[in-house]
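Enquirer: Fold the following.
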Amino acid sequence: MTTQKFVTPSAQSLMSAAQAATKKGPPPVHLWNPDFCGDIDMRIARDGTWFYLGTPIGRPAMVRLFSSILRKDGDKYFLVTPVEKVGIVVEDAPFVAVDFDVTPEGLRFVTHVGDEVIAGADHPIRVERDPDTGEPAPYILIRRNLEALIDRKSFYRLIDQGHEQGDQFGVTSAGVFFAISPLADLA
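Expert: So this is what the prediction gives:
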C-alpha cells in the first residue's frame with residue numbers, strides 16, 4: 001500500500017493561480033507541465049461534492065475555479081497551474097451532468113460546475129454496468145479526458161429519448177448513436 005504525501009500550503013496558491021489563469025478564458029492546463037508537488041487533501045465525491053481537508057467546499061464559485069484547472073493524466077487527477085501540479089482524489093467522475101436539453105444540434109448536457117456540451121463524436125456517452133448488480137452508470141465526456149456521471153433523473157429522461165438500432169437500445173445525438181444496452185438485456 002502506498003501512502004499519500006499531503007501538501008498543505010497549495011490550496012490558496014492554486015486558487016490564486018487559477019484566478020489569474022481564467023481571466024482570459026479557460027486555462028490551457030493541457031499545455032502546462034510543472035513539477036509534481038505531491039498530493040493535497042482534496043477529494044471529489046461521487047455526487048460531485050468537492051472536499052478540502054475533509055470539509056465540503058461550500059462556495060460554488062470556488063468549486064468552478066478549481067474545476068477549471070483539473071486535469072487527468074492516466075488514471076490520476078491533478079489540479080494544475082503553470083507552476084504547481086498536485087494530486088487529488090476523485091471517487092468516480094469529477095463532474096456530474098445534472099440536466100440536458102434536446103436541441104436541433106443534439107443533446108446538450110450541463111454539469112454541476114456549469115460546463116455545457118453537445119453529446120456527439122467529440123463528447124461521447126458511455127454506459128458501464130456494475131458487474132455485481134448490473135446497475136448502469138452513464139457518463140459523458142466533458143473536456144479533454146474528464147467525464148461527468150449523468151445523474152439519475154437525467155438518465156431516466158435520456159432513456160425516454162432512446163430507440164433501437166440493430167441489436168442495441170440507445171440514443172442519437174449530433175448524428176452519433178450511443179448504445180445504452182443490448183436489446184437482449186431489455187427482454
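Enquirer: Against Ala174, how distant is Gln115?
Expert: Residue 115: Asp, not Gln. Asp115 sits 17 Å away from Ala174, going by C-beta to C-beta, to the nearest Å. To be clear about C-beta, it is placed using only N, CA and C from the backbone, and glycine gets the same treatment.
Enquirer: quick one, which of the two is more surrounded?
Expert: Between Asp115 and Ala174, counted using other C-beta atoms under 10 Å, the more crowded position is Asp115 (19 against 15).
Enquirer: So that one is in contact with Ile140, correct?
Expert: No: using C-beta atoms under 8 Å, Asp115 is not in contact with Ile140; the gap is 10.0 Å.
Enquirer: Overlap in contacts, the two.
Expert: Common contacts of Asp115 and Ile140, defined by C-beta atoms under 8 Å, 6 or more residues apart in numbering, comprise Ala148.
Enquirer: Below-threshold pLDDT in the chain: ranges please.
Expert: Along the chain, segments meeting pLDDT under 70 span 1-25, 187.
Enquirer: and with 50 instead?
Expert: 1-9 (pLDDT under 50).
Enquirer: Other residues contacting the one helix or strand Arg108 maps to?
Expert: Element membership for Arg108 (DSSP states H and E) is strand 107-111. Under the contact criterion C-beta under 8 Å, 6+ apart, strand 107-111 has outside partners 95-102, 116-119, 123, 140, 142, 148, 150, 154, 158, 161, 171, 173-174.
Enquirer: mind running it again at 7 Å?
Expert: 95-101, 116-119, 140, 142, 148, 171, 173 (C-beta atoms under 7 Å, 6 or more residues apart in numbering).
Enquirer: Which of these fall within strands?
Expert: Of these, the ones assigned to strands by DSSP state E are 95-101, 116-118, 140, 142, 148, 171, 173.
Enquirer: still on that earlier bit, pull out the buried members of the contacts of strand 107-111.
Expert: 95-98, 100, 117-119, 140, 142, 148, 171, 173 (16 or more other C-beta atoms under 10 Å).
Enquirer: Quick one: these as TSV, columns for distance to Ile57 too.
Expert: TSV is the format used below for the buried ones among the contacts of strand 107-111 (distance: C-beta to C-beta, whole Å):
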residue	distance to Ile57
Phe95	15
Val96	15
Ala97	20
Val98	17
Phe100	25
Val117	23
Ile118	29
Ala119	28
Ile140	23
Ile142	19
Ala148	18
Val171	33
Ser173	32
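Enquirer: Give me the neighbour count for the closest residue to Ile57 other than its chain neighbours.
Expert: The shortest distance from Ile57 to any residue other than its chain neighbours is 4.4 Å, reached at Trp50 (C-beta to C-beta, 6 or more residues apart in numbering). Using other C-beta under 10 Å, Trp50 has 24 other residues around it.
Enquirer: Perfect, that will be all.
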